[in-house]
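> Turn this into a model:
(2 chains)
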Amino acid sequence: MASYVAFCDSKGKPLLSRRYKDDVSQPAVELFQHLLLEKEQESSITPPCFHHNGIHYMYVQYSDIYVLALTRSVSVNITTMFAFLHKLINVVEEYVKRVEEESIRDNYIIIYEILDEMMDKGIPQVTETKMLKQYITQKSFKLTRSAKKQKNVARPPTELTNSVSWRPEGIKYKKNEAFLDVIESINMLMTQQGQVLRSEILGTVRVRSRLSGMPDLKLGLNDKGIFTTNDSKDDSPEPVISEKKKNSNIELEDLKFHQCVRLSKFENEKIITFIPPDGEFDLMTYRLSTPIKPLIWCDVKVQVHAGSRIEIHCRAKAQIKKKSVANNVEILIPVPEDADTPSFKYSRGNMKWVPEKNAILWKFSSFQGGKEYSMAAHFGLPSVSDAEPPKLKRPVQIKFQIPYFTTSGIQVRYLKIEEPQLQYNSYPWVRYITQSGDDYTIRL
Amino acid sequence: MSESKVFYKYKAHEIRGELVADSGKTKGNLRRKTCLRKIIANLIMGNYHEMSQLFVDVVQVWNVETDLEIKRMCHQYVCTLAPTKPDQLKLVLPLILQDLRLNSEELCIIALRTLTSINDPSYSQEGFQHIKKIIMSTSKTSVPLRKAAIHSIIKIDQIDHDKALELYYFLLDMLDYGKEEPTILIAAVTVLEQFHVRNPEMQQLQVSQNICLNLLELVGKINEWDTANLFDIMTTAYTPKTHSEAHHLIDISIPKLHDLNSAVVLNTLKFIVYLTNYVDYIEEKLVRKFSGSLTALLNKPLEIQFLVLRNVILLLLSRDSPLIHLEPSNFFAEYTDPTYIKDTKLEILYLLANEENISQILDELRGQATDIDDIQMSKKSIRAIGNLAVKYPHSSRYSVDVLLELLEFGVDYIVQEVISMLKNILRKYPNQFNFVVPLLPQYIDSIQDVESKCAMIWIITNHSKELKDPLDVLRQYSNNFMSESLEVQLLLVNSAVKFFCREQSKETEQLCLKLLSNATENNDNPDLRDNAYMYWRLLSLVGNPSEPLFNNDVARDILNGELPVIEISTRLDPSVREELELNIGSILSVYLKPVSQVFRGVRPKQLPESSILNHEKSSLSIIAGSASSNSTGNLSNLDGTRRSASPVKKMVDFDKPAETVNQLKDRRKSSISLSATKLVRKPSMLARKLSMRKPFQ
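Presented below is the predicted three-dimensional model:
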């Protein structure tokens, strides 16, 4: 139950705020910027929520703004609040493309409308963009098509009374298509010696549906949890065979589904069925923490000669199938802040010094599987001998994308689309990609 | 219409001219729209004074316009400025009522919201009438409007509780009947719960089995926020009557742990954890589900990650056999993590440590301890290493090695923390790590803060045999005796007397006399003075021929009184755990403190009493599956470590790893300085302790 939701600028000054309950007053919102400053000075740990004068401030940071929720009640569910604020940002983003100070100022009326519709008396309501568009009358520059619908405003929309709260009725497309993207992000934490401290695969199945009517979709994956339920009974007497089966069927841990998926059906029968919302959404996410070999491995050696120079040698290797190619590979290696006069030697790619990040960036537009390249960099260091040798605590960061390939081996077996009334032909499309996650790093 | 002009501070007359000017129908509409936009923008910028002068003009526009957007802005205007214009509110009321009668659902909702958000008796009177009408008329009215009306009841309750009660019973009937639209039912139960939260004289909301099952059946038909809300409310709102019923409720809730929305996941988790208080056993599958879904949430945006981490701490602390089994490597700090995340991860690592994974965790902590970017984190990791050494005897050797390695770093703050920690380790394992002691005196110049100074003095005094010239260090400190802080002074006096009793030589006598006379003659602090006089009297008793029994040995025994063993316990008091468990995902889970400590006058949540409530959590076994053996196996060991010593206090500063060092019993205060300072701070305690103290024998 939020009493206030406010958008604030990078200093915490409110840009606009919507009041839902009258137990918190406007000055409390204005106070946020001062409190924020105070907390930051007090300690280096500023958690995303604090309280002052009996009022709880919960905020999330996004680009150059803060989105803030205020409440007086202790029993408020802060998880819901944070989840809601992030959802709010997503929704606003769909309307105004980029959520930042300027776009908020420019679109304040529409944001007021969004705030009005998404929350009532501090309780989150409808948050699906497609559903919201039924209610939001205001035009933003992205919202040209709904001009027609504006005439129907007086008619009470019946959509909320449906059992499907995320999809309006009467959607029509000339060509019925569903696009399925399987995206796997790899997070890895490695030591310089090549020991993998942590590795995980974060998968997302993203659907872009352009389908008419109320289609019912059924997704088949080669996941063990989903597929081997039928033959699990036969598994026990013939353990040898079942082991072979395991190789082709992988097990996905920690599945999370969009609200449109019938969870009880999944729990009982291990079938993923759903009526999709219109447009793009994340159907499911999964996580696998099976140990994996680094896909792109860098052997980095740093030699510091205090007071004179620093030498960095790096060998990069793509440990993927020979047929596969990694695109947009970027290797970011930290160098000391006071390093100067760089000189590089490298066999392939493109290399440059990025002084603002205190690092060197080694880039490849494509990197074939099994290949190995090396480089050597040389920097001068100021001769003033500091007592402390420059120690590089920042990690080496690696970015890459590998198309047509999933590390986990997950595959879409089928996507059945059925619309009971319209009975149209539809076209499912599937793409796979593996990429580096936010934390694909080698500790130095 | 350029937007830049909209966000500009206008004077009232500048806008008024445009607002009232009459120029054609369509053009006027557009112009008025622009004007109102300017007004709202000015309100956002806080230009209340100028804009409030336009009240009458806005009302006029409102009267003639039918455009929804203009109406909406008018409502917005009135809501914002209502408190400043109490006398003109009468003007607006008929307009709002008129909007309510119009056949536009959206306008009705806006009007209803305006009606209930203005604090004025005539408004709330009308509001009540309309809400009643809308709620009671089941068929014609649209669902969103009815939902808005139900939510508005909370507002009525703030003004007139008795009136609202009438609707309260109506909502209760509605839930019992259960034939309404799902989203309406959820709105109803939300409002009911608010009723109970708002009114302290009402008990916690309790619903019947029928209502509970009705509502849980809706899951799947309602949207994600409603689902999250429902699970939140049902925690404590329904008490299962039998074990099998509780199991059934758990089974139907489990699928929702797979939701993409983190609010739904955490609230479902909370509901299930609540239900485990009413079951006779916990399935091992549940532990796996919990752990899996929590780990998956760690990839959400930072703020949510933070919450999940806090709740992981809560779950780890709350049960003797934790409901979750997590892999420590998930909590290794990333370079890009903000400090509040790193900090919480560190705490989890500390809690997750056990004899098997400790070396892995120690390696990670060592890495974080040398993080020169963040001194606070670095100190905290060293503390965690030290505490782990005390907590796990088998791996203490490795912990000490890590600490010594850090010591070689030679950075001041690291050295200080390491020495503070080594003191505890030396105390816990008296003869195991004596080789450490000779390494320490060389760092004496790095030691600045009080705690590590005390630790150094303590180590030197109690391990003087390992050192070549222990008195030398002591002499260095005693030269600055007057400028030291009280804790250091007290400890210096104590250790000088100890040295003297141990070995009566010229040197020790000289040192002892110097400190005692400094403490009694040149010092203003009564505690230090009393302390010094006490030692002085003790020493003079030894030399006194009229007390033949009181010889040097007796004095030494008194001074070297046995110290209690250091124990580190992370268990919380059962009532605190219980309350925290009921607050998974709420604000309290961030502070990890019971509500009474953070916010006064708020009623803490309680587990509803039931014949099947498990009072003793440790007797609850986790069954099925082979992996369960380690979780149940822990039970027996843990019993020994549970402490009764006020566990609530442990969590006061939640940014430090939870720990307790046993306090000395009241008669042997002399040998440790810390207890003396505790007395200084708490006069009430002092009084109590004094009255309990037995007379000298």
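> tell me the domain ranges of chain A?
By the assignment in automatic domain parsing, chain A contains the domains A:4-161, A:177-292+A:407-442, A:296-403.
> And the pLDDT for A:I320?
As predicted, A:I320 sits at a pLDDT of 87.
> same question, B:A21
Predicted confidence (pLDDT) for B:A21: 68.
> tally of neighbours for A:R105?
19 (other CB atoms under 10 Å in any protein chain shown). Quick note: C-beta positions are derived from backbone N, CA and C, even for glycine.
> That one against B:F7, yeah?
Yes. Between A:R105 and B:F7 a contact is recorded at 6.0 Å, counting by CB atoms under 8 Å.
> would you list the domains of chain A in TSV and tack on distance to B:N494?
Below are the domains of chain A laid out as TSV (distance: least, CB to CB, whole Å):
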stretch	distance to B:N494
domain A:4-161	34
domain A:177-292+A:407-442	46
domain A:296-403	37
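> Could you point out which of those domains sits nearest B:V437?
Shortest distance between B:V437 and those, using CB to CB, is found for domain A:296-403: 27.3 Å.
> The closest one: end-to-end distance?
14 Å (CA to CA, to the nearest Å).
> just stretch A:120-128 next, same as before
With CA to CA as the measure, stretch A:120-128 spans 15 Å from end to end.
> list the contacts for the spatially closest residue to B:S596 that is not a sequence neighbour?
Distance criterion CB to CB, 6 or more residues apart in numbering or on different chains; nearest residue to B:S596, sequence neighbours excluded, is B:P604 at 6.1 Å. With contacts defined as CB atoms under 8 Å, 6 or more residues apart in numbering or on different chains, B:P604 is in contact with B:579, B:594-596.
> Equivalent analysis for B:K345, please.
B:K345 makes contact with B:309, B:331-333, B:337 under the criterion CB under 8 Å, 6+ apart.
> how about a cut-off of 6 Å?
B:331, B:333 (CB atoms under 6 Å, 6 or more residues apart in numbering or on different chains).
> Tell me the helix or strand right after the helix or strand where it lies.
Secondary structure from DSSP states H and E places B:K345 in helix B:339-352. Using DSSP H and E, the helix or strand that follows helix B:339-352 towards the C-terminus is helix B:358-369.
> what about B:P393, neighbour count?
For B:P393, the neighbour count with other CB under 10 Å is 12.
> The nearest residue in space to it that is not next to it in sequence: neighbour count?
Leaving aside its sequence neighbours, B:P393 sits nearest to B:Y429 (CB to CB, 6+ apart; 7.2 Å). Neighbourhood size, B:Y429 [other CB under 10 Å]: 17.
> same check, this time on B:H243
By other CB under 10 Å, the residues close to B:H243 number 14.
> just checking, it touches B:Y281?
No. With contact defined as CB atoms under 6 Å, B:H243 does not reach B:Y281; the gap is 8.6 Å.
> Next up, the contacts around B:I566.
B:390, B:424, B:427-428, B:661 are the contacts of B:I566 under CB under 6 Å, 6+ apart.
> on that earlier part again, most packed of the domains of chain A?
domain A:4-161 (a mean of 19; mean count of other CB atoms under 10 Å in any protein chain shown).
> Relative to chain B, how far out is A:I402?
Look at A:I402 and chain B: by CB to the nearest CB, to the nearest Å, they are 20 Å apart.
> before we move on, the earlier item: do you know the pLDDT at the residue nearest to B:S596?
Looking at B:P604, its pLDDT stands at 70.
> B:M202 against B:H196, yeah?
Yes. Under the contact definition of CB under 6 Å, B:M202 touches B:H196, with a separation of 4.8 Å.
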